[in-house]
Structure formats: C-alpha cells, structure tokens
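*Asks:* dropping a prediction and its sequence here:
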Amino acid sequence: MIKGRAASPVRTGRFIRSFMESHRTPYIAEIHYALREAWREVNSNRPRRNHVKSPTYESFRKYFAHLVTLGLVELVKETEMEEGPPGSPLLTIKEGEVVESVRRHYRITASGLTDDEAWEDPMKALGYYPRGKT
C-alpha cells in the first residue's frame, strides 16, 4: 500500500519530467512555480484541513540536484537575470564571493527519457536508504 507523499496526486519527480518534456529548457524557479500552482489546484478541491503543502524552494532545489547527480537532467545554458534596483545587477554570494546572478536552464538527458524508476524516487536510486528499507 502506498503511503504519505507517494500517494499524492502530484508527484514531484513525475511533475518535473512532464514539465520538462513540454518546455524545452526551463529553469528551476519556473518548474517550482508550476508545481506550486498544481498543488494549489489540487488543494482547491479539498477541505482546508486536508491541504497539502507544496515543497519549499530549498527542498525542491535539493530534489532537483539529485536529478542532476543521477544524470536525468543536464545544464544547457546560463542567462543573465533581470536587474535589481535601477541600473544594478542582481547579486549572489557563491563560494564566498559576490557574483552576478544567473538563471540556469536544464533539459532532460537521454537516460532521463528512459529511466522511469529514478524519477519516482531519486533518493532510492542514489542508494540513500539503508538495506531493506524503502
């Protein structure tokens, strides 16, 4: 019997794959926003006490990083982000240095098109569960 998030009508891995198949090279924030909207739609048909929270952006980024590690998705390009306050770029701290922010676009790899099991549970595919546990 499937329990917990695995029984959810919106599965994160399946959603990401489907979204990436219909959009050529989306960026992570775009996919996360669409996932939140999908959950908002599901929750609109449920009583308030049964609402399910969508993943936070931070947890979604970690999940996506597992997909990259598994080779299901790959970085295609980086584009500049919109400007911050008038005339100044958006800045990020990366490895202790202040750098201009970029938006990273990804696509599904050939192995990502064939490996259905890893999309279902990337943590299991990476071997993070102890033996005998699922």
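*Replies:* Looks like it arrived, so ask away. Residues are numbered from 1 along each chain as shown.

*Asks:* give me phi/psi at Gly96?
*Replies:* phi 80, psi 0 (degrees, to the nearest 10).

*Asks:* pLDDT (mean, whole number) over the helix or strand in which Ala29 is found?
*Replies:* Taking DSSP states H and E as the criterion, Ala29 maps to helix 28-44. The average pLDDT for helix 28-44 rounds to 90.

*Asks:* which helices and strands sit right next to it?
*Replies:* The helices and strands touching helix 28-44, judged by 3 or more C-beta pairs under 8 Å, 6 or more residues apart in numbering; DSSP states H and E, are helix 12-22, helix 57-69, strand 102-108. C-beta: built from backbone N, CA, C; applies to glycine.

*Asks:* the second one: what's the following helix or strand?
*Replies:* Once helix 57-69 ends, the next helix or strand along the chain (criterion: DSSP H and E) is strand 73-80.

*Asks:* just give the strands next to the worst-scoring helix or strand of the chain on mean pLDDT in its sheet, each with its orientation.
*Replies:* For the chain, using mean pLDDT, DSSP states H and E, the weakest element among its helices and strands is strand 91-94, scoring a mean of 76. When pairing is defined by DSSP bridges, strand 91-94 lines up against strand 97-100 (antiparallel).

*Asks:* show me the contact partners of the strand it pairs with.
*Replies:* Residues outside strand 97-100 that contact it (C-beta atoms under 8 Å, 6 or more residues apart in numbering) are Glu80, Met81, Pro89, Leu90, Leu91, Thr92, Ile93.
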